[in-house]
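Colleague: no sequence for this one, just the structure:
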């Protein structure tokens, strides 16, 4: 049973690694009406480390624009509409890859395992095809799906993350500061605290005398003032 356990452990490790996302300082992940700014301290190559919830791969996630960016992006409502149909397929893929296949690997390593393996690959191909079609209809660039699709077929556990990784292939057309306006009052307050922590960390790395440092410092003061106003 040791080889089977090792296969499952490697598959789980690769999936968890795929749940790691790198963000710019002040950039956020948007999912289900919440903003996540990742760790305030841990970085890889100067970028913030964020972890997608490994138990909810069927909820699409999107990356906001970096702060003060004027780059074009997709409308959030349009992006959600494009990826929502893939969510149910991702839930089925999660059950196939991390429930059915491990069970068959231990209890039914013959034809049942082969059948579920074929179904899992068919699910990955179906999600890739549906995403390609919906991206083209929405006018989104389909080139990122080439690399994603190859990864899903070469390493099946990565296909579970299809809706989220497809959503992270582009930025939505608002930065974290503007995205806060769409949050509920409680979530907005939490997001201000998290963004303030990110800005404090960034100001330790940037000279406050230069233009970008002054803008970050001004934004940090605005967030602190708004937090104070809401407490009153």
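Modeller: Looks like it arrived, so ask away. Just so we're clear, the structure is a prediction, and the values are computed from it rather than from any experiment.
Colleague: How is the chain divided into domains?
Modeller: Under the assignment automatic domain parsing, the domains of the chain span 2-173, 176-231.
Colleague: deepest of the ones you listed, which one?
Modeller: Ranked by mean neighbour count, the domains of the chain are led by domain 2-173 with a mean of 17 (mean count of other Cβ atoms under 10 Å). All C-beta spots, glycine's among them, are computed from the backbone N, C-alpha and C.
Colleague: Tabulate the domains of the chain (JSON lines), appending mean pLDDT.
Modeller: Shown next, in JSON lines, are the domains of the chain (pLDDT from 0 to 100):
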{"stretch": "domain 2-173", "mean pLDDT": "90"}
{"stretch": "domain 176-231", "mean pLDDT": "77"}
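Colleague: Distance of the residue nearest the centre of the chain relative to residue 194?
Modeller: Central residue of the chain (Cα atoms, centre = their mean): residue 61, 4.4 Å from the mean position. As judged by Cβ to Cβ, to the nearest Å, residue 61 and residue 194 stand 16 Å apart.
Colleague: correct me, but residue 167 touches residue 61?
Modeller: Yes - using Cβ atoms under 8 Å, residue 167 makes contact with residue 61 at a distance of 5.4 Å.
Colleague: Go ahead and name everything in contact with stretch 170-183.
Modeller: Stretch 170-183 has contacts (Cβ atoms under 8 Å, 6 or more residues apart in numbering) with 26-28, 30, 33-35, 37, 62-69, 71-76, 79, 140-141, 144, 188, 191-192, 195, 219.
Colleague: Filter those down to the ones in helices?
Modeller: Counted as lying in helices by DSSP state H, out of those, are 76, 79, 144, 188, 191, 192, 195, 219.
Colleague: tell me the contacts of the last one?
Modeller: When contacts are counted by Cβ under 8 Å, 6+ apart, residue 219 touches 67, 177, 199.
Colleague: Quick one: these as TSV, columns for distance to residue 159 too.
Modeller: As requested, the contacts of residue 219 are exported to TSV (distance: Cβ to Cβ, whole Å):
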residue	distance to residue 159
67	33
177	34
199	36
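Colleague: now residue 47, nearest residue through space, not along the chain?
Modeller: residue 22 (4.0 Å; Cβ to Cβ, 6 or more residues apart in numbering).
Colleague: Quickly list what the one you found is bridged to.
Modeller: Beta-bridge pairing of residue 22 under DSSP bridges involves residue 49.
Colleague: wait, what's in contact with it?
Modeller: 44, 45, 47, 48, 49, 50.
Colleague: Name all residues that make contact with the second one.
Modeller: Same thing as residue 45. So residue 45 contacts residue 22 (Cβ under 8 Å, 6+ apart).
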